[in-house]
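Trainee: How does the following fold in three dimensions:
(one chain, ligands or ions: 1)
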Amino acid sequence: MSVALIRNGASHGVPSRNVYAHMAPTGGVRARNDVAQYDDLAERWWEPRGPFAMLHWLAAARGALVPPAARDGAVLVDLGCGAGLLGPHVAGKGYRHIGVDLTASALHVAVAHGVTVVRGDVTAVPLADGCADVVTAGEILEHVMDLPAAVEQACRLLRPGGLLLIDTIAATALGRFLAVTVAERVPGGAPPGIHDPDLFVDRAALVRECARHGVALRLRGIRPSLIGIGRLLLRRADTVVMVPVPTTAVLFQAAGRRTGRSGHG
Ligand SMILES: C[S@@+](CC[C@H](N)C(=O)[O-])C[C@H]1O[C@@H](n2cnc3c(N)ncnc32)[C@H](O)[C@@H]1O
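Mentor: All right, here's what the predicted structure looks like:
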C-alpha cells in the first residue's frame, strides 16, 4: 500500500448550506461547516485550551478504545484526522497511523506529529479495501453530506474482524441545542460556525448503514466530566475526561467489528 501527502488532490469543497456564521480572517464570512475554517485555525489545533480543546478530550476517549495491535504491520486509518490529535493516544499500540483529511493545512500539522497522511474525502478514500485493522471516524461524520458513502468507505477499509470506532453528534433537538447553541458560546466548545446542525447524525441510519456493510455497531453516550470542566475553568487542569452517560442523544461513541462478509457485497 502506498500512501502520501497529496497536495494537489481533488476538489475539497464541502458544500455549504445554512446560515453564514464564521468571520474569515479577511473580514468575509464562512458558511457553516466550510472546511476553510480549519485553515483559519490551523495554528491552533494543538492548544490544549484553544478552540479545539474538546477534540483533545474526545481523542483521548477514542484512543482508549483502540486495543494494542494484534499483528505486526497493523494499520489504523484515521478518517477526518485533522491535525492528528489522536496520535499520542495510539502511539505505542503497534499501529501505523494513517490520517485522511481534506484540509492540507491540518495534514501538515498531523505530519509534524508523526501521522502518515493522505489528502482525500472520507466519502471516496484513496486507500485499498481491507487495508485497516482499525478505522476511526472521530468527529467527522457530522461534517459529511453523504453519511452512507462515508460509512461504506469506513467499512470497506476494514479487514475482516477489524474494528470501527466512531464518535459524533446525534441529530436530535438536544444535540443541536447543546452542540451549537450552547457549545459555540463556551470555552472549549466548538468554534462558532464549525458545525451545520443539519448534518448531525441519525443514529438509526448510522447503525443501519454499518450493518449493511457487515459492522454491528454498539453506541454509548458520552459527555465531558463536570468536575473536569470545573478544574479546567479553575486552571487546575488542562484537559477534561469524557464520561459515559445513559443517553446517546447528544454526543456518542460507537464501535463494531467487521464480519467476514458485507450484506451488500
Ligand atoms: C472536527 S474536525 C475532527 C478532526 C479529528 N478527527 C479530531 O478529532 O481531532 C473535522 C475534520 O474533518 C475534516 N473534514 C471535513 N469534511 C471532510 C470530508 N468530507 N472528507 C475528509 N475530511 C473532512 C476537516 O478538514 C477536519 O479536519
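Trainee: which residues touch the residue of the stretch 51-200 of the chain found nearest the ligand?
Mentor: When C-beta to the nearest ligand atom is the measure, the stretch 51-200 of the chain has its nearest residue to the ligand at Gly82, with 2.8 Å between them. C-beta here means a position set from N, CA and C on the backbone, and glycine is covered the same way. Residues in contact with Gly82, defined by C-beta atoms under 8 Å, 6 or more residues apart in numbering, are 38, 45, 52, 55, 99, 101, 103, 106, 110, 139.
Trainee: What of Arg223?
Mentor: For Arg223, the residues meeting the contact criterion (C-beta under 8 Å, 6+ apart) are 242-243, 245, 250-251.
Trainee: Now, those residues that are in helices?
Mentor: With helices defined by DSSP state H, no entry of these lies inside them.
Trainee: Of those, which pair is most distant in space?
Mentor: Using C-beta to C-beta, the contacts of Arg223 reach their maximum pairwise distance at Val243 and Val250, which is 12.8 Å.
Trainee: Just want to know which of the two has more residues nearby.
Mentor: The residue with the greater number of neighbours, taking Val243 and Val250 and applying other C-beta atoms under 10 Å, is Val250; the counts read 20 against 14.
Trainee: Surely the more buried one touches Pro224?
Mentor: No. Contact criterion C-beta atoms under 8 Å: Val250 and Pro224 do not qualify, at 10.9 Å.
Trainee: Confirm that Arg231 lies within a strand, as I assumed.
Mentor: No. Checked against DSSP: H, G, I helix; E, B strand; the rest coil, Arg231 lies outside a strand; its state is helix.
Trainee: For Val241, see how far away it is.
Mentor: As judged by C-beta to C-beta, to the nearest Å, Arg231 and Val241 stand 10 Å apart.
Trainee: near the ligand, which residues of the stretch 101-250 of the chain show up?
Mentor: 101-103, 106, 121-123, 138-140, 143-144 (C-beta under 6 Å from any ligand atom).
Trainee: which of these lies closest to Val201?
Mentor: Here the nearest of these to Val201, counting by C-beta to C-beta, is Val144; it sits at 9.2 Å.
Trainee: Which pLDDT value belongs to that closest one?
Mentor: Each residue has a pLDDT score; the one for Val144 is 98.
Trainee: what does Arg30 give?
Mentor: As summarised for this prediction, Arg30 has a pLDDT of 88.
Trainee: quick one: it and Asp39, what's the gap?
Mentor: Distance, Arg30 to Asp39, by C-beta to C-beta: 10 Å.
Trainee: more crowded one of the two?
Mentor: Relative neighbour count places Arg30 above the other of Arg30 and Asp39, with 21 against 15, counting by other C-beta under 10 Å.
Trainee: By residue count, what's the longest strand in the chain?
Mentor: Ranked by residue count under DSSP state E, the longest strand found in the chain is strand 158-169.
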